[in-house]
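Peer 1: Next come a sequence and a model predicted from it.
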Amino acid sequence: MKYKNGRELGSDVISAVRYVTKVGVMSRVTWYALFGRGNLRWKQTQWKFLIDSKIFRPYPCDIIEDVVALGTYGRRLVAKNGWKYSVSFQPSEIHHDEKVGIGLWKLERADLIKKWMHQKEIKRKGLDSMKLQIRKKSYKYPDAIFLFENQGKEEVAAIEYEARNQGYYRYLPMLKAYQESANFDRILFVVPDKSTKKSIQKVMNTIRDETLVKKVGFIDAEIWNSNPVIHLGRSVPATVPEAQTSVA
């Protein structure tokens, strides 16, 4: 992959492009934390250059600052390499989407997971097998999925990132949908507090399905957002179902 002037893109830029193809957007803070190199001033210079080069473009909403999507040249590079890319049109979802994406990016970089897809990527690829029927005419996808190896077998885990406690009656149809789906081997809830975890556990106590209980795990959102690698350890299959972390 090359810039318009013929220079090769650095590995950090290619990684950032790939991240945006999956999540749909990237904030300046994410560029600094995951992809930028050198001191702060150099990272700022790189950020501006990538926008000027039309690899990225400012997010098309006046109230959103310091967030980019793929630019015209970035989309051309993606198409040339046969990649697909996700699009994020909802400003209210940007913060949530990045929290999910950053955590999974860190797990992938640590070789804890083999592959991951954000919800927007799942939808764009039309993977109906990942669709959950919440009600008769209502469906949802997991916030993300990832693949990992468990005793020589490839398994699928779903991620549900809960920014707040949405209550028993929101989690009841969701967990029933997961109960009825045979496509997920693990379901990992990222929870902001104990009350959210308790709401989910209350639903599981109502459903009383031992198989579902064995699939569900929890991780504190603060831990997920800081360093999920340390807390999930070197073996995702062994830790996902029991990942109680600091949420007791």
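Peer 2: Happy to help now that I have it.

Peer 1: Correct me if wrong: S199 contacts Y169.
Peer 2: No. The pair S199 / Y169 is not scored as a contact, 9.5 Å apart, by Cβ atoms under 8 Å. The way it works is simple: take the backbone N, C-alpha and C, and place the C-beta from them, glycine included.

Peer 1: out of the two, which sits in the busier spot?
Peer 2: S199 (19 against 9; other Cβ atoms under 10 Å).

Peer 1: in the helix of greatest length in the chain, what's buried?
Peer 2: Ordering each helix of the chain by length in residues (DSSP state H) puts helix 94-109 first. Within helix 94-109, the residues that count as buried by 16 or more other Cβ atoms under 10 Å are I94, D97, E98, K99, V100, G101, I102, G103, L104, W105, K106, L107.

Peer 1: Same check on stretch 108-124?
Peer 2: L112, I113, W116, M117, H118, Q119, K120, E121, I122, K123, R124.

Peer 1: Just the residues contacting it, thanks.
Peer 2: 21-24, 84-88, 97, 100-101, 104, 107, 125, 127, 130, 141-149, 154, 229, 232, 234, 236 (Cβ atoms under 8 Å, 6 or more residues apart in numbering).

Peer 1: start to end distance for that stretch?
Peer 2: End-to-end span of stretch 108-124 (Cα to Cα, to the nearest Å): 21 Å.

Peer 1: Now it: average pLDDT?
Peer 2: Averaging pLDDT along stretch 108-124 yields 91.

Peer 1: Determine how far it lies from the middle of the whole chain.
Peer 2: On the basis of Cα atoms, centre = their mean, to the nearest Å, stretch 108-124 sits 7 Å off its chain's mean C-alpha point.

Peer 1: Kindly report the same for stretch 95-113.
Peer 2: 6 Å.

Peer 1: What ranges does this protein have for its helices?
Peer 2: Under DSSP H, the chain gives helices at 11-23, 28-30, 40-52, 72-80, 94-109, 119-124, 168-180, 194-207, 210-215, 221-226, 228-232, 236-239.

Peer 1: Buried ones among the contacts of stretch 108-124?
Peer 2: 21-24, 85-86, 88, 97, 100-101, 104, 107, 130, 141-146, 148, 232, 236.

Peer 1: what lines up beside the longest strand seen in the chain in the sheet?
Peer 2: If you go by DSSP state E, the chain has its longest strand at strand 153-161. When sheet partners are counted by DSSP bridges, strand 153-161 sits next to strand 144-150 (antiparallel), strand 186-191 (parallel).

Peer 1: tell me the angle of that strand relative to helix 168-180?
Peer 2: Calculated by axes from the mean of the first three to the mean of the last three Cα atoms, to 10 degrees, strand 153-161 forms an angle of 170 degrees with helix 168-180.

Peer 1: how about strand 153-161 as PDB, C-alpha atoms only?
Peer 2: Provided in PDB are the C-alpha atoms of strand 153-161 (Å, rounded to 0.1, in the frame of the first residue of the first chain):
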ATOM      1  CA  LYS A 153     -11.000 -26.600  18.000                       C
ATOM      2  CA  GLU A 154     -11.900 -23.200  16.700                       C
ATOM      3  CA  GLU A 155     -14.700 -21.600  18.700                       C
ATOM      4  CA  VAL A 156     -16.800 -18.400  18.500                       C
ATOM      5  CA  ALA A 157     -17.300 -15.900  21.300                       C
ATOM      6  CA  ALA A 158     -19.700 -13.000  21.300                       C
ATOM      7  CA  ILE A 159     -19.000  -9.700  23.000                       C
ATOM      8  CA  GLU A 160     -21.700  -7.500  24.600                       C
ATOM      9  CA  TYR A 161     -20.400  -4.200  25.800                       C
END
